[in-house]
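**Student:** next one to model:
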Amino acid sequence: MKVQFIILLFLSLSFNLAFGQEKNSGKAGDSFVDAYFTTYAKMPGYDAQMMGEAMVKRLNNKEAWKHPSIARFMKQVKTYKNLSMPVTPEFTSSMLEQLDQQVKTDRRYDLYYRKVTANSVVIIYTRGKQPIKEIAVVSIAWGRLTVSSFIGDQIDLESVRALSENR
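**Tutor:** Residues are numbered from 1 along each chain as shown. I've put the predicted structure just below:
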(Lines give C-alpha, C1' and ligand atoms only; values in the text may rest on other atoms or scores of the structure.)
Protein backbone atom coordinates (compact mmCIF):
# COMPACT_ATOMS: atom_id res chain seq x y z
CA MET A 1 0.00 0.00 0.00
CA LYS A 2 2.90 2.34 0.71
CA VAL A 3 4.16 1.84 -2.86
CA GLN A 4 0.68 2.64 -4.22
CA PHE A 5 0.52 5.85 -2.21
CA ILE A 6 3.99 6.89 -3.31
CA ILE A 7 3.19 6.28 -6.98
CA LEU A 8 -0.13 8.13 -6.76
CA LEU A 9 1.50 10.99 -4.93
CA PHE A 10 4.32 11.03 -7.47
CA LEU A 11 1.81 11.10 -10.30
CA SER A 12 -0.06 13.96 -8.70
CA LEU A 13 3.03 15.96 -7.86
CA SER A 14 5.22 15.13 -10.86
CA PHE A 15 2.95 17.06 -13.19
CA ASN A 16 2.94 20.06 -10.91
CA LEU A 17 4.95 22.03 -13.45
CA ALA A 18 4.07 25.49 -14.69
CA PHE A 19 2.48 24.62 -18.03
CA GLY A 20 0.23 27.65 -17.74
CA GLN A 21 -2.63 28.98 -15.70
CA GLU A 22 -6.21 28.39 -16.72
CA LYS A 23 -9.40 29.93 -15.40
CA ASN A 24 -11.85 27.23 -14.41
CA SER A 25 -15.47 27.68 -15.39
CA GLY A 26 -17.00 25.08 -13.07
CA LYS A 27 -19.48 23.91 -15.73
CA ALA A 28 -20.98 20.46 -15.30
CA GLY A 29 -19.12 19.16 -18.38
CA ASP A 30 -15.71 20.25 -17.09
CA SER A 31 -13.10 18.11 -15.44
CA PHE A 32 -13.21 16.99 -11.82
CA VAL A 33 -10.92 19.88 -10.94
CA ASP A 34 -13.25 22.39 -12.61
CA ALA A 35 -16.47 20.90 -11.30
CA TYR A 36 -15.51 20.68 -7.63
CA PHE A 37 -12.64 23.03 -6.91
CA THR A 38 -13.28 26.27 -8.80
CA THR A 39 -14.56 27.88 -5.60
CA TYR A 40 -11.09 27.61 -4.02
CA ALA A 41 -9.35 29.60 -6.77
CA LYS A 42 -9.23 32.74 -4.64
CA MET A 43 -7.63 31.08 -1.64
CA PRO A 44 -4.03 31.98 -0.79
CA GLY A 45 -1.50 29.54 -2.17
CA TYR A 46 -3.84 28.15 -4.84
CA ASP A 47 -1.87 26.89 -7.84
CA ALA A 48 -3.52 25.48 -10.97
CA GLN A 49 -1.97 24.11 -14.13
CA MET A 50 -3.28 22.57 -17.31
CA MET A 51 -1.48 20.47 -19.88
CA GLY A 52 -3.37 20.38 -23.16
CA GLU A 53 -3.45 17.63 -25.75
CA ALA A 54 -0.52 19.04 -27.75
CA MET A 55 1.76 19.12 -24.70
CA VAL A 56 0.74 15.63 -23.55
CA LYS A 57 1.37 14.28 -27.07
CA ARG A 58 4.73 16.07 -27.28
CA LEU A 59 5.88 14.63 -23.95
CA ASN A 60 4.68 11.16 -24.98
CA ASN A 61 6.61 11.43 -28.27
CA LYS A 62 9.75 12.49 -26.41
CA GLU A 63 9.29 9.53 -24.05
CA ALA A 64 9.40 11.94 -21.11
CA TRP A 65 7.78 9.46 -18.74
CA LYS A 66 10.61 7.24 -17.49
CA HIS A 67 8.48 4.78 -15.54
CA PRO A 68 6.77 2.28 -17.91
CA SER A 69 3.45 2.40 -16.03
CA ILE A 70 3.31 6.18 -16.22
CA ALA A 71 4.22 6.10 -19.93
CA ARG A 72 1.48 3.53 -20.64
CA PHE A 73 -1.10 5.53 -18.71
CA MET A 74 -0.14 8.90 -20.24
CA LYS A 75 -0.50 7.53 -23.79
CA GLN A 76 -4.23 7.30 -23.01
CA VAL A 77 -4.48 10.84 -21.60
CA LYS A 78 -5.38 13.88 -23.70
CA THR A 79 -5.65 16.60 -21.07
CA TYR A 80 -4.21 16.92 -17.61
CA LYS A 81 -5.30 19.42 -14.96
CA ASN A 82 -3.81 19.88 -11.53
CA LEU A 83 -4.36 22.13 -8.59
CA SER A 84 -2.71 22.31 -5.24
CA MET A 85 -2.99 24.49 -2.20
CA PRO A 86 -2.10 24.46 1.48
CA VAL A 87 -4.82 23.18 3.81
CA THR A 88 -5.41 22.92 7.52
CA PRO A 89 -6.71 19.73 9.17
CA GLU A 90 -10.02 21.48 9.92
CA PHE A 91 -10.44 22.58 6.32
CA THR A 92 -9.50 19.11 5.08
CA SER A 93 -12.21 17.45 7.13
CA SER A 94 -14.98 19.78 5.98
CA MET A 95 -13.74 19.76 2.37
CA LEU A 96 -13.81 15.95 2.24
CA GLU A 97 -17.35 15.85 3.63
CA GLN A 98 -18.46 18.46 1.09
CA LEU A 99 -16.72 16.60 -1.74
CA ASP A 100 -18.37 13.30 -0.80
CA GLN A 101 -21.80 14.98 -0.84
CA GLN A 102 -21.17 16.68 -4.19
CA VAL A 103 -19.95 13.47 -5.83
CA LYS A 104 -22.98 11.54 -4.55
CA THR A 105 -25.34 14.24 -5.82
CA ASP A 106 -23.58 14.67 -9.16
CA ARG A 107 -23.37 10.92 -10.03
CA ARG A 108 -20.90 11.46 -12.89
CA TYR A 109 -18.03 10.02 -10.84
CA ASP A 110 -17.59 6.65 -9.18
CA LEU A 111 -15.31 6.01 -6.25
CA TYR A 112 -12.48 3.72 -7.37
CA TYR A 113 -10.12 3.83 -4.40
CA ARG A 114 -10.03 5.55 -1.02
CA LYS A 115 -7.41 5.43 1.71
CA VAL A 116 -7.53 7.69 4.74
CA THR A 117 -4.84 7.54 7.42
CA ALA A 118 -3.91 9.88 10.25
CA ASN A 119 -1.36 11.61 8.00
CA SER A 120 -2.78 11.39 4.50
CA VAL A 121 -5.76 10.90 2.22
CA VAL A 122 -5.80 9.41 -1.27
CA ILE A 123 -9.05 9.16 -3.22
CA ILE A 124 -9.40 8.09 -6.84
CA TYR A 125 -12.57 8.68 -8.82
CA THR A 126 -13.42 7.49 -12.33
CA ARG A 127 -15.83 9.01 -14.82
CA GLY A 128 -17.42 6.80 -17.46
CA LYS A 129 -17.64 3.08 -17.82
CA GLN A 130 -15.01 0.99 -19.59
CA PRO A 131 -13.25 2.72 -21.23
CA ILE A 132 -12.87 5.44 -18.64
CA LYS A 133 -13.11 9.11 -19.69
CA GLU A 134 -11.42 10.60 -16.64
CA ILE A 135 -9.36 9.59 -13.65
CA ALA A 136 -9.36 12.06 -10.76
CA VAL A 137 -6.88 11.78 -7.89
CA VAL A 138 -7.39 13.72 -4.67
CA SER A 139 -4.50 13.55 -2.22
CA ILE A 140 -3.84 15.36 1.00
CA ALA A 141 -0.45 15.01 2.63
CA TRP A 142 2.06 17.23 4.37
CA GLY A 143 -0.53 20.02 4.73
CA ARG A 144 -1.20 20.24 1.00
CA LEU A 145 -4.24 19.32 -1.08
CA THR A 146 -3.43 18.11 -4.60
CA VAL A 147 -6.15 17.30 -7.11
CA SER A 148 -5.27 15.87 -10.51
CA SER A 149 -7.59 15.16 -13.42
CA PHE A 150 -6.49 12.95 -16.31
CA ILE A 151 -8.92 13.10 -19.24
CA GLY A 152 -8.90 10.82 -22.29
CA ASP A 153 -11.23 8.91 -24.54
CA GLN A 154 -10.09 5.42 -23.69
CA ILE A 155 -8.35 5.12 -20.34
CA ASP A 156 -8.33 1.49 -19.33
CA LEU A 157 -8.42 0.43 -15.70
CA GLU A 158 -5.60 -2.04 -16.30
CA SER A 159 -3.27 0.91 -16.84
CA VAL A 160 -4.45 2.44 -13.59
CA ARG A 161 -3.96 -0.88 -11.78
CA ALA A 162 -0.50 -1.32 -13.27
CA LEU A 163 0.43 2.15 -12.15
CA SER A 164 -0.83 1.62 -8.62
CA GLU A 165 0.96 -1.75 -8.43
CA ASN A 166 4.23 -0.26 -9.72
CA ARG A 167 4.39 -2.51 -12.82
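**Student:** elements contacting the helix or strand harbouring Tyr80?
**Tutor:** Taking DSSP states H and E as the criterion, Tyr80 maps to strand 79-86. On a contact count with 3 or more Cβ pairs under 8 Å, 6 or more residues apart in numbering; DSSP states H and E, strand 79-86 meets helix 32-37, strand 47-51, helix 53-61, strand 144-155. (Each C-beta comes from the backbone N, C-alpha and C, glycine too.)
**Student:** try it again with 6 Å
**Tutor:** With contacts taken as 3 or more Cβ pairs under 6 Å, 6 or more residues apart in numbering; DSSP states H and E, strand 79-86 sits against helix 32-37, strand 47-51, strand 144-155.
**Student:** could you give me the average pLDDT of the first one?
**Tutor:** Right, the one you point to is helix 32-37. Helix 32-37 comes out with an average pLDDT of 80.
**Student:** buried set for stretch 89-98?
**Tutor:** By neighbour count on 16 or more other Cβ atoms under 10 Å, the buried set for stretch 89-98 is Met95, Leu96.
**Student:** could you do stretch 111-127 as well?
**Tutor:** Tyr112, Val121, Val122, Ile123, Ile124, Tyr125, Thr126, Arg127.
**Student:** dig out what the residue positioned nearest the centre of the chain forms beta bridges with.
**Tutor:** The residue lying closest to the centre of the chain (Cα atoms, centre = their mean) is Ser148, at 2.0 Å. Beta-bridge pairing for Ser148 (DSSP bridges): Asn82, Val137.
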